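[1] Okay, predicted coordinates and the sequence, questions at the end:
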Amino acid sequence: GSDLDGDGLLDGEEVNTYGTDPLLADSDGDGVSDRLEIDYGLNPLVGHWWTDTDGDGLEDRIEVMLFGTDPTNPDTDNDGLPDNELPEVIAWGWDEYGQSTVPSFSSVVEDVQAGPYYNTALLDGGTVVAWGLNLDGVCDVPASLSNVVTVASGNTSLAVLEDGSVVAWGDDEYGQCTVPVGVSNAVAVAAGRRHCLALLGDGSIVAWGDNEYGQCTVPVNVSNVAAVAAGDYHSLALLDDGSIVAWGSDSLNECEVPASVSNAVNVVAAGRQSMALLNDGSLVGWGYDYVGQSTVPAEVSHVMDVAVGGLHSLALLQDGSVFAWGYNERNQCTVPSSVSNAVAVAAGNYHSLALCLQGDPLDPDMDDDGLLDGEEVNTYGTDPLNADCDGDGILDGDEVANGLDPLSDNTGSDLDEDGILDGDEVANGLDPFSDNTGSDLDGDGLLDGEEVNTYGTDPLLADSDGDG
C-alpha cells in the first residue's frame, strides 16, 4: 500500500504490474512521471521526451505537461484539427537581413530552427521554407526537397528525409554539403560553423566537414546516442543513460561537461557555448559566458525546451512562456508579450524565435460560433478565432446553417422574409432568423417592422429621440 516515490502508483503495482522502479517517480528519465505516462497509455519504461506517439506535431511531453492533451490521440477535442492547433512563428531581435520578419506559410509549421542570420521552418507535409541572410545559399532550399522529418540550421542547412537520408545545402567550403556515403537511417542532424553531425538509428554518429579541432573525430566510446549538438568547433552527444560526451575545440571550456550534468534529456550548442536540459526541468550551461549566457538564472525552472544563440539563451517553460537571458543589444532577449503557449524555441546570433499555438487543443469551437474549428479551417475557410469573419453581425455558424456564405456580407439579405433586411435587424438587436414584423419589442405601440422600414425609429427604444 506504500508509494515511496510519490508518483501515484503503489509500490506493488510498480514492481509486479508495470516493471517500474518504486523508488523513482520517473523510471525512464524523460521528465514525465510514471503515473502520467500510464494514465495516457504510454510506456513508462520508454522515454517520451522527443516522441510524438500520435503524430500530431506535438511531442508527448508537451501534450502531457503543457496542454493536458492525449498523446495517443492526434485530435483530443475531436474538432477536426490536430492538437498542434494554429501554430504561429513569432520572431524578435535583429532584423537586418529579414531574419525576424516571418513570411507567410503555405501550410502548418511543425518546427523552426535558427542559423546565425537565417531560419528554417519545417511544414506539415515535409517541405521546408528558409528566410533571412542567404549567405552561401543557406536559404536556397532545393526545389526537389520533400518528405522532410527534421531540419538543422548552421552555416550549412541540413534535412533528414523519411527514408533516413540526409540532404545538405549552403556553405560547402569544408565539404559540409557532401554527405558521406555511410549516412543512412539518420534520425537527427546538427550543423556547426564548418562541420555537420548525423545521428543514425543504431545510436552511432557520423561527422563530416572541417576537423581542424577534432570536432569530426567521434570518440570511440560514444554509442547509444540519443541526441547530438554542434557548436562552432565542438560537438556533443547525449547518451541514452543521460550523460553527455563532448569533443573538439575546448578553448573556452565548451567541452568540459560539468559533473552536475546527469539524467540529461537534451543538449544544445552554439558558438563556444553548451547547455544541457535535465529531466527535472533544470538547465546546466558551460563554455563561453561573456555576457552571462551560460549562467542559468535562478528563476529558470520547469524547462521544456532550450536554445542557445551567439551570445544569448532561451528557455521554454512548462507554462508555455519563454525566458531569455544574455546579450540583449539587439533586443533578442526582449520576449514579445504575444509569446504564449510556446511549443518550441530557436536562437540565432542576434535574433530569437518561438513556435506558439494560437488555438486551444481542448476547445472544439474556440470562437463559439457553432462551427467546429476543423470545419472552419478545412471546409469553410473561416477563422476559428473569429465568430463573424465577414463582419456582418451574423455568426459564421448561423450563416452556414442557413445556406449563406460566412465570408460574404449578408446584411442585404432577408433570411426570415419579414421585410426587414438582416443588416437592419442585426443593427437594431433583432434576430435576423425570426419574423419581426409583428413584434413590438420596446412596447411603444409600433410594430418593429414599422419602426425599421417606415419610421426609421429604434425597435428597442420606445422613445427613439429621447424627448420623453
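    Good, I have the coordinates.
[2] How many residues are close by Asp398?
    20 (other Cβ atoms under 10 Å). For every residue, glycine as well, the C-beta is placed using N, CA and C.
[3] measure it to Ser413 for me?
    12 Å (Cβ to Cβ, to the nearest Å).
[4] now do Asp448
    Relative to Ser413, Asp448 is positioned 18 Å away (Cβ to Cβ).
[5] same check, this time on His351
    Applying Cβ to Cβ to His351 and Ser413 gives a distance of 49 Å.
[6] Between these two, tell me which one has more neighbours.
    Just comparing His351 and Ser413: by other Cβ under 10 Å the higher neighbour count belongs to His351, 28 against 18.
[7] In contact with that one, which residues are there?
    Listed by Cβ atoms under 8 Å, 6 or more residues apart in numbering, the contact set of His351 reads 91-95, 99-100, 114, 117, 309, 330, 332.
[8] Kindly recompute the last result at 6 Å.
    93-94, 99-100, 332 (Cβ atoms under 6 Å, 6 or more residues apart in numbering).
[9] Let's have those in a markdown table, adding neighbour count.
    Compiled in a markdown table, the contacts of His351 are given as follows (neighbours: other Cβ atoms under 10 Å):
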| residue | neighbour count |
| --- | --- |
| Gly93 | 24 |
| Trp94 | 17 |
| Gln99 | 25 |
| Ser100 | 23 |
| Gln332 | 27 |
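[10] Just the residues you listed: which are in helices?
    Among the contacts of His351, no member is found in helices (DSSP state H).
[11] so which of these comes closest to Tyr380?
    The closest of the contacts of His351 to Tyr380 turns out to be Ser100 (Cβ to Cβ; 32.9 Å).
[12] Pretty sure the closest one sits against Ala91.
    Yes - look at Ser100 against Ala91 with Cβ atoms under 6 Å: they come within range, at 4.2 Å.
[13] so where is this protein shaky, pLDDT-wise?
    Judged by pLDDT under 70, the chain has its weakly predicted residues at 48-49.
[14] mind listing the helices in it by residue range?
    Using DSSP H, helices in the chain cover 11-13, 34-39, 60-62, 373-375, 396-401, 422-427, 448-450.
[15] which residues sit against the fifth one?
    Read that as helix 396-401. With Cβ under 6 Å, 6+ apart as the contact definition, helix 396-401 has outside contacts at 369-371, 382, 389, 406.
[16] and the two most separated of those?
    Largest separation among those by Cβ to Cβ: Gly370 and Cys389, giving 12.8 Å.
[17] more neighbours, those two?
    Cys389 (22 against 15).
[18] list the contacts for that one?
    382-383, 396, 406-407.
[19] What subset of those is buried?
    382-383, 396, 406 (16 or more other Cβ atoms under 10 Å).
[20] Between those residues, which sits nearest Ala315?
    For the buried ones among the contacts of Cys389, the nearest to Ala315 is Asp383 (31.4 Å; Cβ to Cβ).
[21] residues touching that closest one, list them.
    Cys389.
[22] any idea how far Asp396 is from it?
    Asp383 is 8 Å from Asp396, by Cβ to Cβ.
[23] what do you get for Arg193?
    Separation of Arg193 from Asp396 (Cβ to Cβ) stands at 50 Å.
[24] What of Ile62?
    Counting by Cβ to Cβ - Ile62 and Asp396 are separated by 30 Å.
[25] The helices of the chain: which one's closest to Gly209?
    helix 60-62 (31.8 Å).
[26] Just checking the distance from that closest one to the centre of its chain.
    Distance of helix 60-62 from its chain centroid, counting by Cα atoms, centre = their mean, to the nearest Å, is 11 Å.
[27] Surely Asp392 and Gly412 touch.
    No - taking contacts as Cβ under 6 Å, Asp392 lies outside contact range of Gly412: 9.0 Å.
[28] Report how many residues lie close to Ser282.
    15.
[29] Apart from its neighbours in sequence, what residue is nearest it?
    Among residues not flanking Ser282 along the chain, Ser301 sits closest, at 6.3 Å (Cβ to Cβ, 6 or more residues apart in numbering).
[30] Any idea how many residues pack against that neighbour?
    15.
[31] Ok, Thr178 next?
    Thr178, neighbours per other Cβ under 10 Å, totals 12.
[32] Same question for Gly393.
    Counted with other Cβ under 10 Å, residues neighbouring Gly393 total 16.
[33] Quick check: buried residues in stretch 260-272?
    261, 263-272.
[34] Next, work out how far apart Asn119 and Gln358 are.
    Asn119 is 19 Å from Gln358, by Cβ to Cβ.
[35] of the two, who's got more company?
    Set Asn119 next to Gln358 and count neighbours by other Cβ under 10 Å: Asn119 wins out with 27 against 14.
[36] State the distance from that one to Thr53.
    28 Å.
[37] same deal with Gly370?
    Gly370 is 32 Å from Thr53, by Cβ to Cβ.
[38] quick one: stretch 69-85 to chain centroid distance?
    Once both centres are worked out by Cα atoms, centre = their mean, stretch 69-85 turns out to sit 14 Å from its chain's centre.
[39] ends of that stretch, how far apart?
    One end of stretch 69-85 sits 12 Å from the other (Cα to Cα, to the nearest Å).
[40] Buried residues, that stretch. List them.
    69-71, 73-77, 79-85.
[41] Kindly report the same for stretch 18-34.
    For stretch 18-34, by 16+ other Cβ under 10 Å, it's 18, 20-22, 24-34.
[42] Name the nearest of those residues relative to Asp11.
    Nearest to Asp11, judged by Cβ to Cβ, of those is Pro22 at 3.9 Å.
[43] thought that closest one was touching Gly6?
    No - Pro22 is not in contact with Gly6 according to Cβ under 6 Å; the separation is 10.4 Å.
[44] Leu81 and Glu376 touch, don't they?
    No - with contact defined as Cβ under 6 Å, Leu81 does not reach Glu376; the gap is 9.0 Å.
[45] Show me whatever sits in contact with both of these two.
    Counting by Cβ under 6 Å, 6+ apart, nothing touches both Leu81 and Glu376.
[46] For the stretch 351-468 of the chain, just list every one of the strands.
    351-357 (DSSP state E, counting those that start in this stretch).
[47] whoops, I mixed them up, the stretch 1-150 of the chain
    Using DSSP E, counting those that start in this stretch, strands in the stretch 1-150 of the chain cover 87-93, 109-114, 118-123, 128-132, 148-153.
[48] Let me see the contact set for Asp3.
    Leu10.
[49] now swap in Val303 and tell me
    277, 281, 283, 315.
[50] Kindly report the same for Leu133.
    Per Cβ under 6 Å, 6+ apart, neighbours of Leu133: 97, 117-118.
[51] Let's see if you can find the most crowded of the residues you listed.
    Within those, most neighbours by other Cβ under 10 Å means Tyr118, with 23 neighbours.
[52] Can you name the residues that contact that one?
    If you count contacts by Cβ under 6 Å, 6+ apart, Tyr118 has them with 99, 132-133, 138-139.
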